[in-house]
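Asker: Quick check, what structure comes out for this input:
(chains A and B)
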Amino acid sequence: MDGGWLLLAILFSSLGPGIAIFFLPEHRQGLRTALNLGGAGTKLALVAFLLDGVLRGDEYYFSLPLMPGIDLVLAADALSLLFASLSAVLWFVTTVYAIGYLEGSPRRSRFFGFFSLCVSATVGIALSGNLITFLIFYEILTLATWPLVVHRGTPAALRAGRLYLAYTLTSGLVLFTAIVWLTLLAGAEGFTPGGYLDGLADTHATTLQILFVLLMIGFGVKAALVPLHSWLPIAMVAPAPVSALLHAVAVVKAGAFGIIRVVNDVYGAELAIELGLTAGLLVVAAITIIYGSIQALRADDLKQRLAFSTISQVSYIILGVALAGPLGIIGGLVHLVHQGITKITLFFCAGNFAETLGIHRISELNGVGRRMPLTMLAFTLGALGMIGLPPLAGFVTKWHLGLGALEAGMPWVLGVLVLSSLLNAAYFLPPVIRGWLGERRKPWNEPLQAHAGPTRFETHWMLLFPVIFTAALGLLVGLFAGLELSPLGWVSLIVRRDYSLPEFGL
Amino acid sequence: MSAAILLAVPLLPLLLAVFIGLRPGQVRLNRLVPWAALPGLLLAALAPTGLEATFDSVLMGTHLAVDPTGRAFLALTAGLWLAAGLFALGERRGDTRRHRFYVFWLLALAGNLGLVLAQDAASFYLFFSLMSLSAYGLVVHSGKPEAWRAGRVYLILAVLGEVLLLAGLILAVHAAGQSSLAAVATARPEGWTLALLVLGLGIKAGMLPLHFWLPLAHPAAPVPASAVLSGAMIKAGLLGWMRLLPLDATGHAVLGETLVLLGLAAAFLGVLVGVLQVRPKTILAYSSISQMGLMTVGIGLALLLPEARGWLLAAVTLYAVHHGLAKGALFLTAGVQNQWPGTRLARAAFALFTLLPALALAGLPFTSGALAKNTLKDPLAAEALPGWLAHTELLLTFAAAGTTVLLLRFLWRWQAGLQASTDGLDRQRWWAWGSLALMGLLLPFAVLVAGPGGLPVEPRDLYGLALLWPIALGFVLAGIAYRLIRDRETPRVPEGDLAVLAEAAWSGARRAHRNLALPPPRPRRMPARLRLLRLKLRQRLEDAERVLTRWETIGLLFSAAMLGLYLTLLVG
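Answerer: Just a heads-up that it's a prediction; the model follows:
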């Protein structure tokens, strides 16, 4: 139980405040905000402490026997910290944003309670040391997210929630079956870089293949792999902070993270290649990338376009993992962070436009750059980052994915990236152009000012500052990708330290 | 120290762009806009050879340096942007949205200066795309329908070019094993890689058949923007070629021949379509396509004749500088069409500044054009080229005659719209325009005196009969054409030739698609009883969900699910 208290503390830093918030009466706004920010701040500090420890090479491990042979295991390796620090940082930002966004709306205690539960589950997923633990937190996440999706209680929200549950619970069952099967077959091993199924490869090849497909279906629903993605664009009716959470911090990422764990730490890249599993995953990821982009092209609703873009972008992560070479894995893992930062910026911006000016459609964006220059600038940085232009985060991803594809001897993947970039440009440049160069003739509706009075900045500061922060972060992680503590540096460390793959340059 | 100097060149325009963006009301900041290019010019003039800096933590490791080719391009780029920027100050005076123009101007400037300094693939791509995308804001600035159309075509081709370039760079870097541009060229990109690089950069350089954004974008953009687009930005594609193509001792016959062919085709077709145009700026745009064709021929020859490649590349660089300055001056000429001055002295200067760059482009002896053309053709006399390529020199000379015809057409159309000045041309514009125009005379002597880059030029390159007869032929051809069509309607090719075809094909395809699409299925009506049942069911479900939304219920369900999970595992 080496340093396990730290892992538990990280888990409880959001779980504790979350449960406390449930019992707060609606009007205790100050205390609720203090609990929220206190929890988020504590988690951030603890994760930073853990990061430092892992960098020094310390071991962190916590286990609790569930039943004979099966333990609930929390462990911190470099990969789990990648996800944990991403969600800790973005959770803090999203909390600030959500407090600003929901100011004056009803049922906030319920909202923030589940919000905290959600993040606890996400961090639990990040720190899970084996598949069983992963599954438990994964299911908690499903259930904790649903009330957030239906928060507004409108028929559309209820429909989205119904669809979300139908998809995720079914996939949860599939996942459950697969994990129990795998546990019976190979025991409740912890995640091991390079996989722990080597011994079964000769005797149970077909079973392993079937299990892999089941696992991918289980995780693929949350990771929004085509054709399991339909819930995501419909769930965009949720409030903007929830969308940010769904798309950037928690849900979609949990699915992608699960796939990363299964490919790298359960099967191991070599075994996955040997069984022909990565090839199939690669094709599915490529189809998802193109399909999501084409659908995004059709959408006029800003958030819907962003949702389809998520489907496409998250598959970059899967694509990288499925390439199963060092550079490909670097590209995939680093996109876990890059996509999160970039997409959360875009959703915050969409929320700002909707809250401040009542804009929901791309065709209404004309001239918004003059009314809300900072938000529009952040949106531009996010959009260009998604297209993959340097020096933004998305470029670093695409560069490594492209090199990874060539390294794996699959130049057609480069073609997929090219096509996807073209499509990304086709659906992200029009809103940017409208915002900066379009003309607005009528005066703006100002729903925010109508009910909250004039604001010091272009919108409420709690809505504006998170956007600026994440946009700047998206620029910095791309521009200074060469630093050791940048996401790219950290991911290179993971790949070098954990996967002992052949030497690679660039 | 050298790091700070090199970084300042692209960073200063960026900083100024940020300030102007944040404080659009500060008119005083606008006056700084042209001077943002000054550090680049100073660097080109004063930098010691081999000035370089690496930034390991920026992107995937960034390398900036000033090499001999880069120095010439840096001088051209910075000088032209400076002059055009001064011109823009006067030209944009009454524009209420000029701060927006200046922001895009500075962003594009930063990109254009940076890409000259960039020596590794990632930063080259960074500056290249910064320039391309920001120039969109310049093209559509006027907000007219024509500008939006030109902007759309420009943007589509620019994005396409960037994506192809990125794919090419990734392939090349993978093959080379490192990301410096020099290493990429040394590793000799082949096949797909080569094709992608040539195409991606070729779109920017106005290469056939992807040239058609030029004649749309140039007339649509404000005059100073056209000047830098045609003078400096399209040279970025050329510079990229010079950095990335396998221009080594082995050469590359297939690519060389292709480039010579495409270049000659562009040189002649540019003239042919250009003379059928009406608007002066469109004519200049086609002239740019034609002139870029000549430079493409130069690159192709350098690939075909590896022994003469040093000379040829220096000649192409000289040609690029000459063309950039002269074409920039001519675009500014197009911008002072409504400023015909009143006094005799001013009129003389006006005429001189108009004719000088035109004559320089035509290659009149003792102008920059004479030196550039002679230097480009010199190695051809010594080297034997196989097959049809042996006639390249003759074809180049005929192309020069074409240039003369095209420029006569430009001057004719330009003077037809000449108007007397109402408020008088301000001093800044006089300076900017005049200094660019005079470069046509100063450049050859500066090159002869300073001889930068070891260019093997001699004073006798400045004159020669071979320069005069194409000009004379051009005059004769123009005269004949004038006599023939004087009283008739001039045949016309629409601006942007192939773009018009592409647009027609696109709208045709859309129409066909709409006609082919099946009509929407008629909604089937259910029996009333069933519908009622469904409504009730949905109501029941919604009620259930509203109950489920309460968090107590969720908590209960959640605990039950966890318990179930635990029990199942226990059994398993």
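
Asker: excluding its backbone neighbours, what's nearest B:Ala478?
Answerer: Nearest non-adjacent residue to B:Ala478, counting by C-beta to C-beta, 6 or more residues apart in numbering or on different chains: B:Leu408, 4.4 Å away. All C-beta spots, glycine's among them, are computed from the backbone N, C-alpha and C.

Asker: ok, the one you found touching B:Gly474?
Answerer: Yes - using C-beta atoms under 8 Å, B:Leu408 makes contact with B:Gly474 at a distance of 6.9 Å.

Asker: So which of those two has more stuff around it?
Answerer: More crowded of B:Leu408 and B:Gly474, by other C-beta atoms under 10 Å in any protein chain shown: B:Gly474, with 23 against 20.

Asker: tell me which element the residue in the stretch 201-350 of chain A positioned nearest to chain B is part of?
Answerer: Taking C-beta to the nearest C-beta as the measure, the stretch 201-350 of chain A has A:Leu327 as its residue closest to chain B, at 9.1 Å. Taking DSSP states H and E as the criterion, A:Leu327 maps to helix A:326-357.

Asker: Ok, B:His63 next?
Answerer: Assigned by DSSP H and E, B:His63 falls in strand B:62-65.

Asker: Just the buried positions in that strand, please.
Answerer: Using 16 or more other C-beta atoms under 10 Å in any protein chain shown as the test for burial, strand B:62-65 gives B:Thr62, B:His63, B:Leu64, B:Ala65.

Asker: Report the two of those residues separated the most.
Answerer: Using C-beta to C-beta, the buried residues of strand B:62-65 reach their maximum pairwise distance at B:Thr62 and B:Ala65, which is 10.7 Å.

Asker: Surely A:Ser63 forms part of a strand?
Answerer: Yes - counting by DSSP: H, G, I helix; E, B strand; the rest coil, A:Ser63 is part of a strand.

Asker: so it touches A:Ser128, yeah?
Answerer: No - using C-beta under 8 Å, A:Ser63 is not in contact with A:Ser128, being 11.3 Å away.

Asker: out of those two, which sits in the more crowded spot?
Answerer: Applying other C-beta under 10 Å to A:Ser63 and A:Ser128 shows that A:Ser128 carries more neighbours, namely 25 against 16.

Asker: could you measure that one against B:Ala108, distance?
Answerer: As judged by C-beta to C-beta, to the nearest Å, A:Ser128 and B:Ala108 stand 49 Å apart.

Asker: A:Leu389 - nearest residue in space that isn't next to it in sequence?
Answerer: Using C-beta to C-beta, 6+ apart and skipping residues adjacent in sequence, the residue nearest A:Leu389 is B:Ser129, 5.2 Å away.

Asker: actually B:Val140, sorry about that
Answerer: B:Gly151 (3.7 Å).

Asker: so where is the stretch 101-250 of chain A shaky, pLDDT-wise?
Answerer: Counting by pLDDT under 70, the stretch 101-250 of chain A shows no low-confidence range.

Asker: Those residues of it touching chain B, which are they?
Answerer: With C-beta under 8 Å from any C-beta of the partner chain as the criterion, the stretch 101-250 of chain A meets chain B at residues A:110, A:113-114, A:132, A:135-136, A:139-140, A:143-144, A:146-147, A:150, A:153, A:155, A:158, A:161-162, A:176, A:180, A:183-184.
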